[in-house]
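Asker: How does the following fold in three dimensions:
(one chain, ligands or ions: 1)
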Amino acid sequence: MIDLRSDTFTRPTKEMRRAMADAEVGDDVWGEDPTVRELEEETAALLGKESALYVTSGHMANQLGLWVSSRSGEEVWAHENHHLIGDEQGAAVVLSRVLPRLYSGDPFPPAELLERWIAGLGNVHRADPALLWLENTFSGRVVPLDEQRRVTDFAHAHGLKAHLDGARLWNAAVHLGVEPAGVAEGFDTVSVCFSKGLGAPVGSAVAGDADTIRRARRGRKLLGGGMRQAGVIAAGALYALRHHRARLAEDHARATRLAARVDALPGLNAVARTNMVLVTTPEGEADRYLEAFAAQGVRALGGGDRIRMVMSLEITDGDVEEAATALARAVEGLRPIAGQSGDASVHLADHTGGPNPEGVAHHIA
Ligand SMILES: *Cc1c(COP(=O)(O)O)cnc(C)c1O
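Answerer: Residues are numbered from 1 along each chain as shown. So this is what the prediction gives:
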């Protein structure tokens, strides 16, 4: 089975396990785990921030980023498809008790929208905005750095903080050919993940200035997220951070290759976005395709007319070849069953330049 559901399914490599077995550890709640400290310092340096905090998950990193920059009743401005909104059980509302103000469409808020939202500021009826939220990559898509800069500049000009959900920031940096700090620039807080593309077994980090991260550390304890000899898992994250960033380019190349092969299949449109292949199927048929793919040995995720396939550490060139062949076989098998006069090209035409293919990647980790 070739598992392309997500880049979270990777298992630690032998070298990573060795680093974990050999890790020097201490009590991290007391700040005495040298491996965790090393991971936090190296992460902060890579992101161009003063300080970073190792946490259990991207979810916690995001929630702490929100927690340190907002007060109850304030607004967070975000995209309706941001992980913060659709994939964290409403924790923003439960924990920080903020009011999400949401936009849709573009992966970053258009200037005129921001102007409109800021216009009523100070009005007695309105909640005060606390921060602007961005994601990069956003469903695999790289947000251009000048767009990011426009948004963070706007935030700061109006007294808002800016947070970057950088669960796949490493992919964005590799794609753009810049240092991670280049992607994190301009944000007050940024969250990054060690267990997606980098392939570590556990953990994320939130980074920012020293005082902000000191408060995030208190917030982590408040949530019960203090960990004792966490160096054992931090060593895996540290190994991944040092050895698995540059190789993300291979994932992107494989996604590009697989997307081209899938796009050539009748009835399907596919594009590559960093390490993701985003596929559009005929309306409502994603489930049927997913079933057929699984029967041929390829697992993917999706629903409606969208399917997502994600490249990661364990997916080889051979797997891409094998997956492409298996998907072609699956599609071949589907056509007569569909009984749509065998004219799959109708669907192809319908979906050319059709709905934004990024939609599929939302609401799935
Ligand atoms: C996966 C993901 C997260 C959350 O990470 P977990 O470690 O699964 O909690 C946050 N944001 C984005 C954009 C993600 O893709």
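Asker: Where does pLDDT dip in this structure?
Answerer: For the chain, residues meeting the criterion pLDDT under 70 lie at 335-365.
Asker: at 80 what do you get?
Answerer: 120, 335-365 (pLDDT under 80).
Asker: Domains of it: list them as residue ranges, please.
Answerer: 8-243, 248-359 (automatic domain parsing).
Asker: Tyr103: how many residues sit nearby?
Answerer: Applying other C-beta atoms under 10 Å, we find 18 residues neighbouring Tyr103. No exception for glycine: its C-beta is placed from N, CA and C like everyone else's.
Asker: cool, the one 5 residues further on as well?
Answerer: As a burial measure, the neighbour count of Phe108 was computed by other C-beta under 10 Å and equals 21.
Asker: so who does it touch?
Answerer: Residues in contact with Phe108 (C-beta atoms under 8 Å, 6 or more residues apart in numbering) are 79, 134, 143, 147-148, 150-151.
Asker: Show me the two of the residues you listed that sit farthest apart.
Answerer: Put simply, by C-beta to C-beta the two of the contacts of Phe108 set farthest apart are His79 and Arg150, 15.3 Å from each other.
Asker: So for those two, which sits in the more crowded spot?
Answerer: Neighbours were counted for His79 and for Arg150 using other C-beta under 10 Å; His79 has more, 24 against 17.
Asker: What about the contacts of Phe108, which are in helices?
Answerer: 147-148, 150-151 (DSSP state H).
Asker: can you redo those as JSON lines with distance to Leu102?
Answerer: Formatted as JSON lines, these follow (distance: C-beta to C-beta, whole Å):
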{"residue": "Glu147", "distance to Leu102": "18"}
{"residue": "Gln148", "distance to Leu102": "19"}
{"residue": "Arg150", "distance to Leu102": "19"}
{"residue": "Val151", "distance to Leu102": "15"}
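Asker: Of the residues you listed, which is the nearest to the ligand?
Answerer: Nearest to the ligand out of these is Gln148 (C-beta to the nearest ligand atom; 14.8 Å).
Asker: how many other residues sit next to the closest one?
Answerer: 22.
Asker: Could you do the one 10 residues further on as well?
Answerer: Burial measure for His158: 13 neighbouring residues, criterion other C-beta under 10 Å.
Asker: Also Leu223?
Answerer: 15.
Asker: What sits closest to it if chain neighbours are left out?
Answerer: The shortest distance from Leu223 to any non-neighbouring residue, by C-beta to C-beta, 6 or more residues apart in numbering, is to Met60 (6.7 Å).
Asker: Excluding sequence neighbours, find me the nearest residue to Asp7.
Answerer: Ser312 (3.7 Å).
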